[in-house]
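[1] Turn this into a structure:
(chains A and B)
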Protein chains: 2
Amino acid sequence: MAGAPRDGEELLPFDPAEGDGPRVAFIGRVRSPWRPDGEHPKNIRKAREMGGAARIELDPAYAPGLKGLSAGQYVIVVYWMDRARRDLLVQNPRHVEAPRGTFSLRSPNRPNPIALSSVVITDLDLEAGRIGIDAIDCLDGTPLVDLKPWLETVDIPPA
Amino acid sequence: MAGAPRDGEELLPFDPAEGDGPRVAFIGRVRSPWRPDGEHPKNIRKAREMGGAARIELDPAYAPGLKGLSAGQYVIVVYWMDRARRDLLVQNPRHVEAPRGTFSLRSPNRPNPIALSSVVITDLDLEAGRIGIDAIDCLDGTPLVDLKPWLETVDIPPA
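    Model prediction:
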């Protein structure tokens, strides 16, 4: 949460992490080839191009919740970007021309640093609570908060 | 979080709400025609069929974060289903044949009751922090936790 804002950036006058909202439970970890000090992809499309195995590891208590999933199925991985800053409201990333609101960007920096990746299950071990997935762009060890089946009728907006 | 599980359902041996994870910040509310004691849709497809205006109301502090969004754009509304139970790991909903793991269902009941709806912005008032959307299936007053642009290259899994 440190660091001075860049030109045109705006901060919240408070830290959203310090409120009285409900607590998120970390239910497992995302395993990926990406380390903070190494090369890592900007988005999931780049992660697919770069290759490298990725998987989800659920904490053992949550493993029974995987029953009904199968290889080949599309799922949305919901994770918590625990290195992001939560007070950045208007951002000035290098790839945009003028400062933009956080809610118009997919930046990890947001009041609730929740990220979504739509992926394919490549293999799974229900007993161990492990799911292989085709790719993911987050850092190794990122906390997992949910996993949902991706549904065409729900997850594609109307034409 | 109350109520006995149905046949074949499994509960977590602890309450995920009672852990030491980070706190979610409620950044606004979803406004919808749906009340707990009235008719309400099972999913967003049904909500579209039933009609009825829906909108997002951001708390004033967060309104500057909308800069860069515009009418006609697709967004993912991320909200917190605050009436859900968080300890249900295997569920037996009426529409499935056998009990299924929570992570294979879009049920509101899950360790982190985060829901996603992919919608279209119909109009917006940046100053007031209000966004009209085509439809939504959650109850009126549901807490908002994030808003993200929907991106075809990110939010549709690979073929």
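
[2] Just give the strands next to the lengthiest strand in chain A in its sheet, each with its orientation.
    Secondary structure assigned by DSSP state E gives strand A:114-125 as the longest strand of chain A. Its sheet considered, strand A:114-125 pairs with strand A:74-80 (antiparallel), strand A:130-133 (antiparallel) by DSSP bridges.

[3] Distance to A:P5 and mean neighbour count added to these, as TSV?
    For glycine as for every other residue, the C-beta is placed from the backbone atoms N, C-alpha and C. Compiled in TSV, those are given as follows (distance: least, C-beta to C-beta, whole Å; neighbours: other C-beta atoms under 10 Å in any protein chain shown):
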stretch	distance to A:P5	mean neighbour count
strand A:74-80	23	22
strand A:130-133	34	21
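
[4] Distance to B:E127 and mean pLDDT added to these, as CSV?
    Converted to CSV, the strands paired with strand A:114-125 look like this (distance: least, C-beta to C-beta, whole Å; pLDDT from 0 to 100):
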stretch, distance to B:E127, mean pLDDT
strand A:74-80, 31, 98
strand A:130-133, 42, 98
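
[5] quick one: stretch A:97-112 to chain centroid distance?
    Centroid separation for stretch A:97-112 versus its chain: 14 Å, with C-alpha atoms, centre = their mean, to the nearest Å.

[6] which parts of the top helix by length along chain A are buried?
    Looking across chain A with DSSP state H, the single longest helix is helix A:44-50. Within helix A:44-50, the residues that count as buried by 16 or more other C-beta atoms under 10 Å in any protein chain shown are A:I44, A:A47, A:R48.

[7] Show me what it is packed up against.
    For helix A:44-50, the packing partners by 3 or more C-beta pairs under 8 Å, 6 or more residues apart in numbering or on different chains; DSSP states H and E come out as strand A:114-125, helix B:152-155.

[8] quick revisit: would you mind giving the buried residues of helix A:44-50 as TSV with distance to A:S70 and pLDDT added?
    Supplementary listing: the buried residues of helix A:44-50 in TSV, determined by distance: C-beta to C-beta, whole Å; pLDDT from 0 to 100:
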residue	distance to A:S70	pLDDT
A:I44	21	92
A:A47	23	94
A:R48	21	93
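
[9] where does chain A have low pLDDT?
    A:1-3 (pLDDT under 70).

[10] Centroid-nearest residue for it?
    Chain A has A:A115 as the residue nearest its centroid, 3.1 Å off, counting by C-alpha atoms, centre = their mean.

[11] And that residue, how close does it get to B:V77?
    15 Å (C-beta to C-beta, to the nearest Å).

[12] Check A:V24 too.
    According to C-beta to C-beta, A:V24 stands 18 Å off from B:V77.

[13] Contact partners for the spatially closest residue to A:G19 that is not a sequence neighbour?
    Spatial nearest neighbour of A:G19, chain neighbours left out: B:A25 (5.1 Å); criterion: C-beta to C-beta, 6 or more residues apart in numbering or on different chains. Neighbour list for B:A25: A:P16, A:A17, A:G19, A:G21, A:R86, A:P111, A:N112, B:V145 [criterion: C-beta atoms under 8 Å, 6 or more residues apart in numbering or on different chains].
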